[in-house]
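Asks: Next one to model:
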Amino acid sequence: MFRNKMGFTLIELLVVITLIGISLTLAVPSWEQVSKKRRITNGAEQVAAFLATAQSEAQKRNLPVTLSYRRSGDQDWCIGAVLGASGCDCTEADPDSGQFCSVDGNPHLIDAQAFQLTNLIGVMDVKPDGGDSNITFDPIRGILQPAGERLQLTFESPGGYYQLRLVIRPTGLLSICSPDSSNTIGGYLTCSG
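Replies: Numbering: from 1, shown residues only. All right, here's what the predicted structure looks like:
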């Protein structure tokens, strides 16, 4: 009489381990791509929310809000906001300084420290008068002043595979698009012009 044995044979165990190994080999690169996409979208959306908050502060308070930005490297950038038509220094750490970026005494800035795996690879500021590294939101309609200004911030994932561009048009409209049609990220249209 044969006994019913419980357990696995060595061959069954090797087949299962091999299948798990193959599955992990296929899943890790896919997970890495998803992670890079998520980091770049999260970074661009957080910066867009920061800019939208500054724009709404201008309208809420009926005062101009000026954004000041600085970029000296892909992982060395900052953006700050201050009430009024003159900018602030987003690298200033002393809250008592007149150049500290704050709204009603509360710090109002965002920098590369919060986005360790998201690079800001390009800033394009189209100003009618040449200008500096500031843009101002009009307090009535939230449009950019002087008329005709436009700001583009281009973010890139590590390795440079994915990019997203945040655009503030002269009308104050904020949008996020994909500058590269070959490596688009789902949910974002390809940038036009």
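Asks: Point to the helix or strand of the chain where mean pLDDT is at its lowest.
Replies: Taking mean pLDDT, DSSP states H and E as the measure, strand 119-126 is the helix or strand of the chain with the lowest mean score, a mean of 80.
Asks: Keeping just the C-alphas, turn that strand into CSV.
Replies: Taking Å, rounded to 0.1, in the frame of the first residue of the first chain, the C-alpha atoms of strand 119-126 are listed here in CSV:
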residue,chain,number,x,y,z
ASN,A,119,15.8,67.8,-11.2
LEU,A,120,15.0,71.2,-12.4
ILE,A,121,16.8,71.2,-15.7
GLY,A,122,15.6,74.4,-17.2
VAL,A,123,14.0,77.8,-16.4
MET,A,124,12.8,80.0,-19.3
ASP,A,125,11.5,83.4,-18.3
VAL,A,126,10.1,85.3,-21.2
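Asks: Give the next helix or strand downstream of that strand.
Replies: Using DSSP states H and E, the helix or strand that directly follows strand 119-126 along the chain is strand 134-137.
Asks: What lies in contact with that next one?
Replies: 54-55, 58-59, 64-69, 85, 87, 125, 143-145, 149, 151, 168, 172 (CB atoms under 8 Å, 6 or more residues apart in numbering). To be clear about C-beta, it is placed using only N, CA and C from the backbone, and glycine gets the same treatment.
Asks: May I have the strands that pair with the helix or strand just after it, each with its orientation?
Replies: Counting by DSSP H and E, the element after strand 134-137 in chain order, helix or strand, is strand 144-145. If you go by DSSP bridges, strand 144-145 pairs up with strand 134-137 (antiparallel).
Asks: Make sure Gly43 is indeed in a helix.
Replies: Yes: according to DSSP: H, G, I helix; E, B strand; the rest coil, Gly43 belongs to a helix.
Asks: From Gly105, how far out is the spatially most central residue of the chain?
Replies: Per CA atoms, centre = their mean, the C-alpha nearest to the average position across the chain is that of Ala44, at 2.2 Å. Here Ala44 is placed at a distance of 29 Å from Gly105 (CB to CB, to the nearest Å).
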